[in-house]
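Trainee: When you get a sec, could you give me coordinates for this:
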Amino acid sequence: MNELTCMSAARLAALIRRREVSPEEVVAAYLRQIERVNPELNAVVTINEWALDCAWEAQAAVMGGRELGPLHGVPVTVKDTIETVGLRTTSGTRLRAGFVPEKGATVIRRLRAAGAIILGKTNVPEMAIPYECVNPLFGRTNNPHDLSLTSGGSSGGEAACVSACLSAAGLGSDLSGSIRVPAHFCGVAGLKPTIGRVPSDGHFPPATGAFALGAVVGPMARYVEDLSLFLSVLTGTGAHRESMRSNAALDVRGLQVAQFVDESTPVSVETHSAIEAAMRALADAGLVVVDERPPGLERAIDLWPALFSGASTTQLRELYGDNEEEAGPVVRAVLAAADKSQASAPGEFARAVAERDSLRDSLLQWMSTTPLIVAPVGSVPAFEHGARRVEVGGRQLSVFRAFGYSRAANVLGLPAVSVPAGRTREGLPVGVQLIGRPFEEETVLAAAAIIEASLGGWVRPPIMKP
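Mentor: Numbers count the residues shown, from 1 in each chain. Alright, predicted model coming up:
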């Protein structure tokens, strides 16, 4: 194992700037790691054949004394739903099996402008329908901590890739926990930014219409500091050193924090333990734990189908059109279920939006004094491939219900981060979710960094051991 592949993106960028390691060395190390590990993992589905050429150009810039971007020479990967010029982008559907974009997403342009080298694209469920990473083109992605388990969805390939050190960090997207659930399953950190903070153009399926209320693009990494670095690049908010100084100086001592666990959706013993450990870590760091229940989160979870399910079905029908025979099992199942269900009552979406806005206003008023909430990402850690239900404390829950915790932040448009906070007896990662006020990602990340430092953060998965 080349230790370069385990470093943070921030440290790699610093070593490259100081000429202590070359981009060619770093990219070559990652390509070897992909060659060794990816056959078992199936996380990377398209390799950038020009990655080493990009690394050579990056090294020439270093040696020529040119101005370097904050991610200069750092290898990254991108979820296969985010259009990337020159690289196949399929969204896991046969409809786009050979699609190579001529125009890329804004976030890809910003990564490249910052000097990042894109190694390849990572696996997704067909049309990014969570929470299992499998599609008709590339099959399923395995969890690096246990190959019999799912890596989650819909950014499951990216989470597995980053966890197993196939890239330094990368991009996912999130409408219903699709960054945070895979991060939780695979033991990495993942940020769902505030709605509108990071551009989402170039995502397929498009994050437009109703989806603009909840769908976002965001970073995934082994280390919280890299989420901060990537956020500054994706938002175009400033230079690396200035961004990192502001994050490092952000003092969250004295801020109030509360926890949220919904009694109607039980969580595993290990998940409870992770929540309690995270709360203790924050209290020990000087935050003030308050015994208050954040208002409206349970109802926000329940609103997700009214806001997004109908739009998802309509979008799938439009995209597949007369080619539904090209759909895989998941998409076919969604369309068949929609055929059997009753049509939405007129005005249901408008009523859901109005209720969502009212809930959001009430919660934000409450958060004016308690700006941080710690919650589960879901009821359980990673589950077996193909599972439709999970058991929690003797109760059977649908997978959709078990991960409702992750949907609340999408419904309300709030920033949320998943960070590793514990492990099960079997050694599986358990993440917790921190939710913050709109456009206060830096506060959420500062709290996540405290939990990471206290509870250990990312650990090497078994697939990496000799």
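Trainee: Identify each buried residue in stretch 148-158, please.
Mentor: Residues of stretch 148-158 classed as buried by neighbour count (16 or more other Cβ atoms under 10 Å): 149-158. Heads up, the C-betas are built off the backbone N, CA and C, glycines and all.
Trainee: How about stretch 101-115?
Mentor: Buried residues in stretch 101-115, counted by 16+ other Cβ under 10 Å: 101, 104-105, 107-108, 110-112, 114-115.
Trainee: what do you get for stretch 267-274?
Mentor: Applying a neighbour-count criterion of 16+ other Cβ under 10 Å, one finds 267-268, 270-274 buried in stretch 267-274.
Trainee: Could you dump the buried residues of stretch 101-115 into TSV with pLDDT added?
Mentor: Below are these laid out as TSV (pLDDT from 0 to 100):
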residue	pLDDT
P101	97
G104	92
A105	98
V107	98
I108	98
R110	98
L111	98
R112	98
A114	98
G115	98
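Trainee: Now, those residues that are in helices?
Mentor: Counting by DSSP state H, the buried residues of stretch 101-115 place 107-108, 110-112 in helices.
Trainee: Save those as TSV, and put in distance to L363 too.
Mentor: Output for these, formatted as TSV (distance: Cβ to Cβ, whole Å):
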residue	distance to L363
V107	28
I108	33
R110	31
L111	33
R112	37
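Trainee: what's the closest of those residues to E384?
Mentor: V107 (32.8 Å; Cβ to Cβ).
Trainee: rewinding a little: just the ones in strands from the buried residues of stretch 148-158, please.
Mentor: 149-150 (DSSP state E).
Trainee: Just name the closest of the buried residues of stretch 148-158 to C54, please.
Mentor: The shortest approach to C54 among the buried residues of stretch 148-158 belongs to E158, at 19.6 Å (Cβ to Cβ).
Trainee: so who does G436 touch?
Mentor: By Cβ atoms under 8 Å, 6 or more residues apart in numbering, the contact list for G436 reads 371-373, 414-416, 443-444, 447.
Trainee: Excluding sequence neighbours, find me the nearest residue to it.
Mentor: V444 (3.8 Å; Cβ to Cβ, 6 or more residues apart in numbering).
Trainee: Off-centre distance for the one helix or strand that neighbour maps to?
Mentor: Assigned by DSSP states H and E, V444 belongs to helix 441-455. Centroid displacement of helix 441-455 relative to its chain, using Cα atoms, centre = their mean, to the nearest Å, is 16 Å.
Trainee: Contacts for stretch 365-373, please.
Mentor: Looking at what lies outside stretch 365-373 - Cβ under 8 Å, 6+ apart - the contacts are 252, 255-260, 282, 287, 290, 292, 294-295, 297, 434-437, 440, 443-444, 447.
Trainee: if we can go back for a sec, out of the contacts of G436, grab the one that's most surrounded.
Mentor: Counting neighbours by other Cβ atoms under 10 Å, A416 leads the contacts of G436 with 31 neighbours.
Trainee: Please look at that one and K192 and confirm they touch.
Mentor: Yes: with contact defined as Cβ atoms under 8 Å, A416 counts as touching K192 (4.8 Å).
Trainee: intersection of neighbour lists for the two?
Mentor: Joint contacts of A416 and K192 (Cβ under 8 Å, 6+ apart) are 180, 409.
Trainee: For T77, name its beta-bridge partners.
Mentor: On the basis of DSSP bridges, T77 is bridged to G120, G170.
Trainee: That one - how many residues pack around it?
Mentor: T77 has 29 nearby residues by other Cβ under 10 Å.
Trainee: Isn't it up against A164?
Mentor: No: if you go by Cβ under 8 Å, T77 and A164 don't touch, sitting 11.2 Å apart.
Trainee: any idea which of the buried residues of stretch 148-158 is closest to R18?
Mentor: Among the buried residues of stretch 148-158, E158 lies closest to R18 (Cβ to Cβ), at 28.6 Å.
Trainee: give the contact list for the closest one.
Mentor: E158 neighbours (Cβ under 8 Å, 6+ apart): 43, 77-79, 122, 170-172, 182, 220.
Trainee: Now do the contacts for the residue nearest to G436.
Mentor: By Cβ under 8 Å, 6+ apart, V444 lies in contact with 191, 372, 415-417, 434-436.
Trainee: hmm, try it at 6 Å
Mentor: V444 makes contact with 415, 417, 434, 436, according to Cβ atoms under 6 Å, 6 or more residues apart in numbering.
Trainee: could you dump those residues to CSV with secondary structure?
Mentor: Converted to CSV, the contacts of V444 look like this (DSSP: H, G, I helix; E, B strand; the rest coil):
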residue, secondary structure
P415, coil
V417, strand
L434, strand
G436, coil
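Trainee: List just the nearest of the residues you listed to M7.
Mentor: If you rank those by distance to M7 using Cβ to Cβ, V417 comes first, at 20.8 Å.
Trainee: how about the nearest residue to A116, chain neighbours excluded?
Mentor: With sequence-adjacent residues excluded and distances taken as Cβ to Cβ, 6+ apart, A116 is closest to L71, at 4.1 Å.
Trainee: Quick check, pLDDT for the residue of the chain most remote from its centre.
Mentor: Note on the chain: the largest separation between a C-alpha and the mean C-alpha position, by Cα atoms, centre = their mean, falls on G64 (35.9 Å). As predicted, G64 sits at a pLDDT of 97.
Trainee: and it, how far is that from R19?
Mentor: To R19, G64 is 12 Å away according to Cβ to Cβ, to the nearest Å.
Trainee: Pick out the residue nearest the middle of the protein.
Mentor: I179 (2.0 Å).
Trainee: OK, contacts around that residue?
Mentor: So I179 contacts 155, 172, 190, 192, 218 (Cβ under 6 Å, 6+ apart).
Trainee: same check, this time on V331
Mentor: 126-127, 316.
Trainee: Point out where the stretch 301-450 of the chain drops to low pLDDT.
Mentor: For the stretch 301-450 of the chain, the stretches flagged by pLDDT under 70 are 343.
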